[in-house]
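In: Predicted model and sequence follow; I will ask about them next.
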There are 2 protein chains.
Amino acid sequence: MTLAKRPSPTISPGETGRSARKRRAILDAATEVFLRSGYLGTNMDEIAALSAVSKQTVYKQFGSKEALFIEIVSSMTNEAGDLVHNDMPESGDGEDLAAYLREYGYRQLRVVLTPRIMQLRRLVIGEVSRFPELARVLYEHGPMRAVTELAALFEGLVGRGLLTIDEPMVAASHFNWLVMSAPLNQAMLLGDDAIPGEAELRRHAEEGVRVFLAAYGKQ
Amino acid sequence: MTLAKRPSPTISPGETGRSARKRRAILDAATEVFLRSGYLGTNMDEIAALSAVSKQTVYKQFGSKEALFIEIVSSMTNEAGDLVHNDMPESGDGEDLAAYLREYGYRQLRVVLTPRIMQLRRLVIGEVSRFPELARVLYEHGPMRAVTELAALFEGLVGRGLLTIDEPMVAASHFNWLVMSAPLNQAMLLGDDAIPGEAELRRHAEEGVRVFLAAYGKQ
C-alpha cells in the first residue's frame, strides 16, 4: 500500500479575494448539503443556491459533483490530520513517553470522533460500490496518513532508544487501532449520540497505550 | 453497554415444510435484492417476484421491509458468529496458547471478511442516520457478540493461569481490534477487491496475538 500523492486541497496562496471567498462559500454549502442529503441526493443547483453563486461558478471552480465531493473529503480529513499532527510537542524521555503517547492517542480520538467526520465516513462507506474513489481518498487522507505519521514518529523514538520496533508501519497500525477502534466502531454503528465523552476517550487512549507499550516499550 | 436479548432469527423447529421453504426463499431473495439495490432502493414487489411468492406472503412472514432487513442482518451476523465460535476446540496449555489464539483470530478474519458481510456492513452504515435500528442489530450481533464471547473465553484462560487480565471485556476488545481492524478498515473503504488473502490474514492474526500476549500473557 502506498500513500498516493494528491494536490493539496487547501486554497493556494495566490488565490485570494473574491474568488477564494466564493470557493470557501461553495465548499461550506456543499459540505452541508452532502452530509444532509447523501451523495446521490445532492444536486449542484442546491449547492449554488446555498452559496449564493451561479451553478456555472460551481462547475468552473470544481469541475464536477464528484470532484467537489472529493475536495470536501480531502479537506475535512486533512484538517483533522493537521489538528492531530501539527503543534504536537516533541516527546520527553523515559517516564514521560507513556503520557506523551496517551495525549497523542487522545488527540486522535477527539479530532476524529466528531459528528461531522462520522457522518462523512458513513456517507462515503455507503457509496463504496458506486463511487469507490470517494472512499479511497478518505482512506488515504485518514487512516493511511495517520498510520504513516505514527510510523515516522515511532522511528524517531526507536532511534532515541525509547521503543523497540521491527516494523514501524505494523506498530503504527497497532497503536492507531488499539486506541481508535472500539469507540470508532461504536460511533459508526450506533450513531453520533454514541460518540464517547472526554473521560471515556481518555480511558481508551490510556488502555491502548498500556497494551502498545507492553509489546513495543523499551525491553 | 449490554447485549440486548433478541429472538433467535433461525427457523423454529415446529416451522417445517412448505412454510419454512417459502421463508428461506424470501430471505435468500431479499438478501440478494438488498445487497444489490440498497435499503431505500429495495421494494417488496421485487423480493416477492424473485422468491416466487405473493407480496402478501412476504408481509405475512416478516411484517415490514424493516423487519425483513433486520432478520437478514441478524441471521447473516449470527451465522458468521456461529462459524467463529462453535466447534472451536478447547485451548491447549502453555506454548499452545499462542497458536490457539492465532487460529481463533484467523477464523474471525476469514468469516467476517467476505464480500457479502462487507457489503452488508457498508449498506447498514450508510443508513445509520435514517434507520439506526439496522446498525444497532449489526453492532449487537457482530462486534458486541464477538467481544462478549472472547471475554468469556479469556476468563476461562485466566482461571487456568494462562492469561493475566483485570478487565476481560477490555482485553477482549483489544484482541478483537488488534486482529481485525487494519484489514477490516481496508476492506470497508477500498472495496471487496481489497479483502486480503489467506497469508495476509494469518499475518494480521499472528501480529495481533503477539501484541496481545505481550500485554496479557502469563506474567
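Out: Looks like it came in fine.
In: how far away is A:Met169 from A:Phe154?
Out: A:Met169 sits 9 Å away from A:Phe154, going by Cβ to Cβ, to the nearest Å. C-betas here are computed from N, CA, C, even on glycine.
In: Just want to know which of the two has more residues nearby.
Out: More neighbours sit around A:Phe154 than around the other of A:Met169 and A:Phe154, counting by other Cβ atoms under 10 Å in any protein chain shown; the figures are 22 against 17.
In: Nearest residue to that one in space, please, no chain neighbours.
Out: Taking Cβ to Cβ, 6 or more residues apart in numbering or on different chains as the measure, A:Phe154 lies nearest to A:Pro168, with 4.9 Å between them; neighbours along the chain are not counted.
In: OK, contacts around that neighbour?
Out: Applying Cβ atoms under 8 Å, 6 or more residues apart in numbering or on different chains, we find A:Pro168 in contact with A:Ala151, A:Ala152, A:Phe154, A:Glu155, A:Val158.
In: so the first one makes contact with A:His174?
Out: No. With contact taken as Cβ atoms under 8 Å, A:Ala151 and A:His174 are classed as non-touching, separated by 10.8 Å.
In: Looking at those two, which has the bigger crowd around it?
Out: A direct count of neighbours by other Cβ under 10 Å for A:Ala151 and A:His174 places A:His174 higher, at 29 against 19.
In: What are the contacting residues of stretch A:68-88?
Out: A:6, A:8-10, A:26-27, A:30-31, A:34, A:39, A:44, A:47, A:58, A:62, A:104, A:107-108, A:111-112, A:116-117, A:120, A:124, A:133-134, A:137-138, A:141-142, A:145-146, A:149.
In: Would you check how far apart the residue of chain A at minimum distance from chain B and A:Ile72 are?
Out: Residue nearest to chain B within chain A: A:Gly126 (1.8 Å; Cβ to the nearest Cβ). Distance from A:Gly126 to A:Ile72, counting by Cβ to Cβ: 15 Å.
In: In terms of neighbours, single out the busier of the two.
Out: Taking other Cβ under 10 Å, A:Gly126 and A:Ile72 do not tie; A:Gly126 has more neighbours (24 against 21).
In: May I ask you to confirm that the more buried one is in contact with B:Leu123?
Out: Yes. In this structure A:Gly126 lies within contact range of B:Leu123 using Cβ under 8 Å: 6.9 Å.
In: between the two, what contacts are shared?
Out: Counting by Cβ under 8 Å, 6+ apart, the contacts common to A:Gly126 and B:Leu123 are B:Gly38.
In: and the closest residue to A:Pro115 other than its chain neighbours, what is it in contact with?
Out: For A:Pro115, ignoring the flanking residues on the chain, the nearest one in space by Cβ to Cβ, 6+ apart is A:Asp192 at 4.2 Å. Residues counted as contacts of A:Asp192 (Cβ under 8 Å, 6+ apart) are A:Pro115, A:Met118, A:Gln119.
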